[in-house]
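Trainee: Fold the following and give me the result.
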Amino acid sequence: MNGSDIVLRDKIITLAAENREVTLQLVSGDAIKVTQASYSEAHGDLLDCRTSDGHDAIVRIEAVVAVVISTFDQH
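Mentor: Numbering: from 1, shown residues only. Below is the predicted model of the structure:
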């Protein structure tokens, strides 16, 4: 994982922690909406995420080509 991947990973985690819904556009063309994200050294370049529909997802940072940020109300 290079320096820009680390910055991107940390930004996604921070935005999710600020109650923002983060849409990750992936290399595959898929997009997932993430409301929680965390990282563990044991997982290398993988980001553990909770999607807006309540599912768990693991995302490889290098697979993220764009990030779209929106605010949302958790109530």
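
Trainee: distance between stretch 26-34 and the chain's centre?
Mentor: 10 Å (CA atoms, centre = their mean, to the nearest Å).

Trainee: And it, end to end?
Mentor: Length of stretch 26-34, first residue to last, CA to CA, to the nearest Å: 13 Å.

Trainee: What mean pLDDT does that stretch get?
Mentor: For stretch 26-34, mean pLDDT rounds to 94.

Trainee: Can you give me the buried ones in it?
Mentor: For stretch 26-34, a neighbour-count test (16 or more other CB atoms under 10 Å) marks Ile32, Lys33, Val34 as buried. Quick note: C-beta positions are derived from backbone N, CA and C, even for glycine.

Trainee: Name the residues that touch it?
Mentor: With contacts defined as CB atoms under 8 Å, 6 or more residues apart in numbering, stretch 26-34 is touched by 12, 16, 21-25, 49-53, 57, 59, 62-65.

Trainee: For this protein, which segments count as helices?
Mentor: For the chain, applying DSSP state H gives helices covering 3-17.

Trainee: Centroid-nearest residue for it?
Mentor: Ile12 (4.9 Å; CA atoms, centre = their mean).

Trainee: Find me whatever residue is spatially closest to it, sequence neighbours aside.
Mentor: Ala37 (5.1 Å; CB to CB, 6 or more residues apart in numbering).

Trainee: now the strands for the protein?
Mentor: 20-26, 31-39, 46-51, 56-60, 64-71 (DSSP state E).

Trainee: Next, the angle strand 64-71 makes with the longest one.
Mentor: It stands for strand 31-39. 90 degrees (axes from the mean of the first three to the mean of the last three CA atoms, to 10 degrees).

Trainee: again with the fourth one
Mentor: Following the same axes, to 10 degrees, one obtains 130 degrees for the angle between strand 56-60 and strand 64-71.

Trainee: which residues sit against strand 56-60?
Mentor: Leu24, Leu26, Ile32, Val34, His43, Asp45, Leu46, Leu47, Asp48, Cys49, Arg50, Thr51.
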